[in-house]
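using only what follows, build the 3D model:
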Amino acid sequence: MRLPFADQAVVPDHKLAGYLLNDSHPEGRHKAVFFQRFGFRRDAPEGLRTALLDVARRADMSAIVFAFGTKYVGESEVVSPSGEPCWVRTVWVMRDNTPPPLFVTAYPAERSRS
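Sure, this is the predicted structure:
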């Protein structure tokens, strides 16, 4: 299935420069190393936002209903700023099943962990 309301998906600023691209973040630093390896940069977070929103629109998602709504998980290949393709798994939530889908996290998909 596709992410419902993917055209309305939101990736908050703090999730990019403050977490996924922050190599000193206690939890996000390993993700930052991955994304930086492919040319995504903390001082230019829009590139990663664009890639994540592209995943939201294109990836097949699995849906998991939980107490506060539905979580969607999907992965897709992303063309990175370095020109190298990488595979990214993303997680989105729709609280109370109401749009917009909110970005939760992203990390390397198994295909990119080589």
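
now the farthest one out in this structure, which residue is it?
Distance from the C-alpha centroid of the chain, by Cα atoms, centre = their mean, peaks at A67 (22.1 Å).

now that residue: how far from P101?
Distance of A67 to P101, given as Cβ to Cβ, to the nearest Å: 17 Å. For every residue, glycine as well, the C-beta is placed using N, CA and C.

return the distance of the longest helix along the chain from the chain's centre.
If you go by DSSP state H, the chain has its longest helix at helix 46-58. From the chain centre to the centre of helix 46-58 is a distance of 7 Å (Cα atoms, centre = their mean, to the nearest Å).

give me the buried positions along the helix or strand following that helix.
Using DSSP states H and E, the helix or strand that follows helix 46-58 in sequence is strand 61-66. Using 16 or more other Cβ atoms under 10 Å as the test for burial, strand 61-66 gives M61.

who does strand 61-66 pair up with?
Take DSSP bridges as the rule and strand 61-66 pairs in its sheet with strand 69-79 (antiparallel).

from the contact counts, what lies against the following helix or strand past the strand it pairs with?
Using DSSP H and E, the helix or strand that follows strand 69-79 towards the C-terminus is strand 85-95. Secondary-structure packing of strand 85-95 (3 or more Cβ pairs under 8 Å, 6 or more residues apart in numbering; DSSP states H and E): helix 46-58, strand 69-79, strand 102-108.

could I get these as CSV with mean pLDDT, mean neighbour count and distance to N22?
Output for the helices and strands packed on strand 85-95, formatted as CSV (pLDDT from 0 to 100; neighbours: other Cβ atoms under 10 Å; distance: least, Cβ to Cβ, whole Å):
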stretch, mean pLDDT, mean neighbour count, distance to N22
helix 46-58, 97, 19, 12
strand 69-79, 95, 19, 19
strand 102-108, 97, 19, 13
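
and F103, what does it touch?
Counting by Cβ atoms under 8 Å, 6 or more residues apart in numbering, F103 makes contact with A9, V10, V11, P12, K15, L52, A56, T90, V91, W92.

now distance to S24 too, for those residues, in CSV please.
Shown next, in CSV, are the contacts of F103 (distance: Cβ to Cβ, whole Å):
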residue, distance to S24
A9, 27
V10, 25
V11, 21
P12, 19
K15, 16
L52, 21
A56, 27
T90, 23
V91, 22
W92, 26
